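[1] Sequence plus the predicted model coming up.
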Amino acid sequence: MDAYVKIHFFGASGTVTGSKFLIETSEKNILIDCGMFQGIKELRQMNWLDLSIDVTTIDMVLLTHGHLDHVGYLPRLIQQGFEGAIIGTAPTLSIAEIILRDSAKIYEEEAKKANQEGYTKHNPALPLFTIYDVEKTLRFFQVGFIDKWIVLAENISCRFRLNGHIIGATFIELDIKGKRFVFSGDIGRNNDYLLDVPKKPEWADYLFVESTYGNKLHPKEDVEQVLATIINETLHKHGNFVIPSFAVERLQTLMYILWKLYKKNKIPNIPIFIDSPMGNNVLEVFSRFPEWHRLSESDYRAMCNHVTIIESYKETWETIDDNRSKIVIAGSGMVTGGRVLTYLQQLIDNPLTTVLLVGYQAEGTRGHQLLSGVHEIKFYGKYYPVKATVKSIESLSAHADQAELIDWLGLIKNIPENVFLVHGEPEALDIFRVKIKDTFRWKVSIPKLLDVVEVII
């Protein structure tokens, strides 16, 4: 009798965020990633909805990496009754813990602020999840070792393989009755400052591939020279240089590049402030897992000593009131929350301010609005005029572009039975679909959110 696998596309399908793919089999039900939706309101509201299945039937969660859009729904899963193992590499679990704790704190603080100041339609405003929910979630974390097959059931095994992107990130190979399901997670760059080149799959019967930049090639620009030019221009006009940054990888990469620029005398010894409690914790992960990145211990210590780490919200305001020209790197990368909101609230209306966006800006985020050239932006219920200069460096992205994605697929020896394109906006998905078909002659599908696909194995 033929065996069946049902694939449930609970997230990152027709959109970039909310990565969740349930693999339903007769032996085990396995959720690949458990991410939060980000961006437009309609997507964010889905984070408040329970999954359309009984989550107690899910046996385990396998995590590709620790970003919010891949792990942020875990506490909600626990709230709904999940009690299985949550498996990822050791750095992934460390990053996930940091991000979940930080998110819970922000949700609790924002709910409290909204209730106190009255800018909410809800009575009362509630956090999506709490620190207590996160503590319950962490009890289910289990380390999965890299490059080793893990037996999950009689006919099911999985393997984590390095994938660049952020520290600890992997793609996942899932073997079910001799058929291989490959989940790309987020694929990193070939020339990353801090991480090794991503490994590549050699076999895939069913392939799930991210398509964030499936329609684009990253600019071939000298990142260090571009960054040095923008910084020196800001210094020349005696302004402030604010970089909203993702706390994981991007912040550490920026620290490393700025330190290199100073060493090469390309920028002066300008004060650099790192204001990201989560980013500071991620720095500790780099210290604890030196085998997972390319930084030497001496370089790590030197770049940390070159910056001022802000420890408290009081120091945030002291930094804003400091009238020197300075560089501030603060979370979050899409300007959706975090300390960067306080800086921009005070500095966005100043023509001497430069804001630099250094990563993907999902539709519906403040970062996307700034990138689009809005004349005003809303913080905490009030609008502020955008008079600052807004720039971006797309080539600092931690996501592979179209050419790198095609290269990542290039070692697959067989012809996959189906390639599912996920984790992309509609235009990127469709353009990448055509590119894969023209390059490899493979069957390519673009699943919609909440689609269920059944395959025979």
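    Everything's here; your move.

[2] where does the protein dip in pLDDT?
    For the chain, the stretches with pLDDT under 70 are 1-2, 119-120.

[3] Pull out the buried residues from the helix ranked longest in it.
    The residue-count maximum for a helix in the chain (DSSP state H) belongs to helix 90-117. Residues of helix 90-117 classed as buried: 90-108, 110-111, 114 (neighbour count, 16 or more other CB atoms under 10 Å). Where you see a C-beta, it was placed from the backbone N, CA and C, and this is true even at glycine.

[4] And for stretch 433-442?
    Applying 16+ other CB under 10 Å to stretch 433-442 flags 433, 435-436, 440, 442 as buried.

[5] so how far is that stretch off the chain centroid?
    On the basis of CA atoms, centre = their mean, to the nearest Å, stretch 433-442 sits 27 Å off its chain's mean C-alpha point.

[6] CA atoms of that stretch as CSV?
    C-alpha atoms of stretch 433-442 as CSV (Å, rounded to 0.1, in the frame of the first residue of the first chain):
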residue,chain,number,x,y,z
ARG,A,433,9.8,30.0,-10.8
VAL,A,434,10.5,30.9,-14.4
LYS,A,435,14.3,31.1,-13.8
ILE,A,436,14.4,27.6,-12.2
LYS,A,437,12.3,26.1,-15.0
ASP,A,438,14.5,27.7,-17.7
THR,A,439,17.7,26.6,-15.9
PHE,A,440,16.9,23.1,-14.8
ARG,A,441,13.6,22.1,-16.5
TRP,A,442,12.2,21.1,-13.1
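
[7] so who does residue 212 touch?
    Residues near residue 212 by CB atoms under 8 Å, 6 or more residues apart in numbering: 16, 186, 360, 399, 423-424, 428.

[8] can you pick the most crowded of those?
    In terms of neighbour count, residue 423 stands highest of the contacts of residue 212 at 30 neighbours, by other CB atoms under 10 Å.

[9] Report how many residues lie close to the nearest residue to that residue once chain neighbours are set aside.
    Nearest residue to residue 423, sequence neighbours excluded (CB to CB, 6 or more residues apart in numbering): residue 210, at 3.9 Å. Neighbourhood size, residue 210 [other CB under 10 Å]: 28.

[10] from now on call the first residue 22
    Let's use 22 as the start, then, which means that last one is residue 231.

[11] Thought residue 203 was touching residue 231, still the case?
    No - here residue 231 does not reach residue 203: they are 11.6 Å apart, not a contact under CB atoms under 8 Å.

[12] Work out for me the element the residue nearest to residue 62 when sequence neighbours are not counted sits within.
    Nearest residue to residue 62, sequence neighbours excluded (CB to CB, 6+ apart): residue 385, at 6.7 Å. Under DSSP states H and E, no helix or strand contains residue 385.

[13] What residues of stretch 49-64 count as buried?
    Buried, per 16+ other CB under 10 Å, within stretch 49-64: 49-60, 64.

[14] Mind giving me the packing neighbours of the helix or strand residue 29 falls within?
    Residue 29 belongs to strand 25-30 when elements are defined using DSSP H and E. Under the contact definition 3 or more CB pairs under 8 Å, 6 or more residues apart in numbering; DSSP states H and E, strand 25-30 sits against strand 42-45, strand 439-443, strand 473-477.

[15] ok, and what's touching that strand?
    Applying CB under 8 Å, 6+ apart, the set of residues contacting strand 25-30 is 41-47, 74, 197, 200, 202, 227, 441, 443, 468-478.

[16] if you set the cut-off to 10 Å instead, what comes out?
    The contact list for strand 25-30 (CB atoms under 10 Å, 6 or more residues apart in numbering) reads 41-47, 50-53, 72-74, 195, 197-198, 200, 202, 227, 229, 439, 441, 443, 468-478.

[17] Paired strands for it, with orientation please.
    Taking DSSP bridges as the criterion, strand 25-30 forms sheet pairs with strand 42-45 (antiparallel), strand 473-477 (antiparallel).

[18] In the stretch 122-271 of the chain, what residue spans correspond to helices?
    Secondary structure of the stretch 122-271 of the chain, counting by DSSP state H, counting those that start in this stretch: helices at 152-159, 244-257, 271-284.

[19] now the first one, how far from the centre of its chain.
    Which is helix 152-159. Distance of helix 152-159 from its chain centroid, counting by CA atoms, centre = their mean, is 20 Å.

[20] try the second one
    Here helix 244-257 is found 26 Å from its chain centre; the criterion is CA atoms, centre = their mean.

[21] and residue 263, what are its bridge partners?
    residue 349, residue 376.

[22] coming back round to it: tabulate the contacts of residue 233 (TSV), appending distance to residue 432.
    Formatted as TSV, these follow (distance: CB to CB, whole Å):
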residue	distance to residue 432
37	26
207	19
381	26
420	20
444	21
445	22
449	23
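
[23] So which of those sit within helices?
    Those of the contacts of residue 233 lying in helices (DSSP H): residue 449.

[24] The residue nearest to residue 444 contacts residue 219, correct?
    No - counting by CB atoms under 10 Å, residue 231 stays clear of residue 219, with 11.6 Å between them.

[25] Overlap in contacts, those two.
    Taking CB under 10 Å, 6+ apart as the criterion, residue 231 and residue 219 both touch 184, 186, 192, 205-208, 421, 429.

[26] Of the strands paired with strand 25-30, flag the one that's most buried.
    Highest mean neighbour count of the strands paired with strand 25-30: strand 42-45, a mean of 22 (counted as mean count of other CB atoms under 10 Å).

[27] And the next helix or strand past that strand?
    Where DSSP H and E defines the elements, the next helix or strand beyond strand 42-45 is strand 50-53.

[28] which neighbours does that next one have in its sheet, and in what orientation?
    Assessed with DSSP bridges, strand 50-53 is paired to strand 42-45 (antiparallel), strand 81-83 (parallel).

[29] follow-up on the earlier one: which of the helices of the stretch 122-271 of the chain sits closest to residue 409?
    helix 244-257 (10.2 Å; CB to CB).

[30] Tell me the buried residues in the closest one?
    244-245, 247-249, 251-252, 255-256.

[31] Dump those residues into JSON lines; add distance to residue 358 as well.
    As requested, the buried residues of helix 244-257 are exported to JSON lines (distance: CB to CB, whole Å):
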{"residue": "244", "distance to residue 358": "26"}
{"residue": "245", "distance to residue 358": "29"}
{"residue": "247", "distance to residue 358": "27"}
{"residue": "248", "distance to residue 358": "25"}
{"residue": "249", "distance to residue 358": "29"}
{"residue": "251", "distance to residue 358": "25"}
{"residue": "252", "distance to residue 358": "26"}
{"residue": "255", "distance to residue 358": "25"}
{"residue": "256", "distance to residue 358": "29"}
